[in-house]
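>>> Whatever this is, show me its structure:
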Amino acid sequence: MKTNYTIQLLLIIISGIALSSCGRTHKIAEKDFYAIYSQKLGVKLEGKEDKTLIKSVAAWKGVPYKYGGQSKSGTDCSGFVGQVYNEAYNKKLHRSSKDMVKDVRFISKRKLETGDLVFFKIKSRKVSHVGIYIADNKFIHATTRRGVMVNDLDDSYYKEYFYKAGRVRM
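Below you'll find the predicted structure:
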């Protein structure tokens, strides 16, 4: 009888230690989340950005470009944006970048927040490219040459072709 009691007591103590250490590990991971994802994305995150969106866009970084694609084996810009919004918010957006403008309320570029969409008219009268604003003037998008990557809105190329910013209607 005494042996069973001793074993039960040891199990309770071990369980308590394991649970308390898990709690500390979780808090450390929570504290480091923004530092880890800042490094992964090459963006200075402030610590208030939507974690679900940040995890989702980071998982797509490096995916190769594929015209008409919308999977992690290959995607175009609107396929990427649509899939991220579906993953992060269970929100369906129009399939093409030119039609995604129907999913947003236009906002000033100065008021951009994490998750807002940025639209470009690249050598066209119509919107031909879309990306997702992250933070620190950076956005993530699918490029034809380098796949899903992060760029600065003030890069001369993107500055020249920037059209408008929009906040998705939820």
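
>>> mind listing what V43 touches?
The contact partners of V43, taken as C-beta atoms under 8 Å, 6 or more residues apart in numbering, are 134-136, 138, 150. Any C-beta I mention is one placed from the backbone N, CA and C, and that applies to glycine too.

>>> Cross-check the contact I'm expecting between S96 and S78.
Yes - S96 is within contact range of S78, at 5.3 Å (criterion: C-beta atoms under 8 Å).

>>> quick one, which of the two is more surrounded?
S78 (25 against 17; other C-beta atoms under 10 Å).

>>> Once you drop chain neighbours, what's closest to that one?
S97 (4.5 Å; C-beta to C-beta, 6 or more residues apart in numbering).

>>> so how far is R146 from that neighbour?
Between S97 and R146 the distance is 18 Å, computed by C-beta to C-beta, to the nearest Å.

>>> tell me the secondary structure for the residue most central in space within the chain?
Centroid-nearest residue in the chain, with C-alpha atoms, centre = their mean: V57, separated by 2.8 Å. Here V57 takes the helix state, with states given by DSSP: H, G, I helix; E, B strand; the rest coil.

>>> Surely it and I134 touch.
Yes - checked against C-beta under 8 Å, the pair V57 and I134 is within contact range at 6.7 Å.

>>> Need the residues touching each of these two.
41, 140.

>>> Walking through the chain, point out its helices one by one.
2-41, 51-60, 77-89, 97-100, 156-161 (DSSP state H).

>>> Work out the gap between the second one and the centre of the chain.
On the basis of C-alpha atoms, centre = their mean, to the nearest Å, helix 51-60 sits 3 Å off its chain's mean C-alpha point.

>>> Can you give the contact residues for it?
Outside helix 51-60, the residues that touch it by C-beta under 8 Å, 6+ apart are 33, 37, 40-41, 45, 72, 75, 80, 83-84, 87-89, 114-115, 132, 134, 140, 148.

>>> ok, now the third one?
Applying C-beta under 8 Å, 6+ apart, the external contacts of helix 77-89 come out as 50, 52-53, 56-57, 60, 63, 68-71, 75, 91-97, 100, 115, 117, 129-132, 141-143, 148, 168, 170.

>>> list the buried ones in that helix?
Buried residues in helix 77-89, counted by 16 or more other C-beta atoms under 10 Å: 77-85, 87-89.

>>> Kindly reformat these as CSV containing pLDDT and distance to V104.
Output for those, formatted as CSV (pLDDT from 0 to 100; distance: C-beta to C-beta, whole Å):
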residue, pLDDT, distance to V104
C77, 98, 15
S78, 98, 13
G79, 98, 17
F80, 98, 16
V81, 98, 11
G82, 98, 13
Q83, 98, 17
V84, 98, 14
Y85, 98, 11
E87, 97, 18
A88, 97, 16
Y89, 97, 13
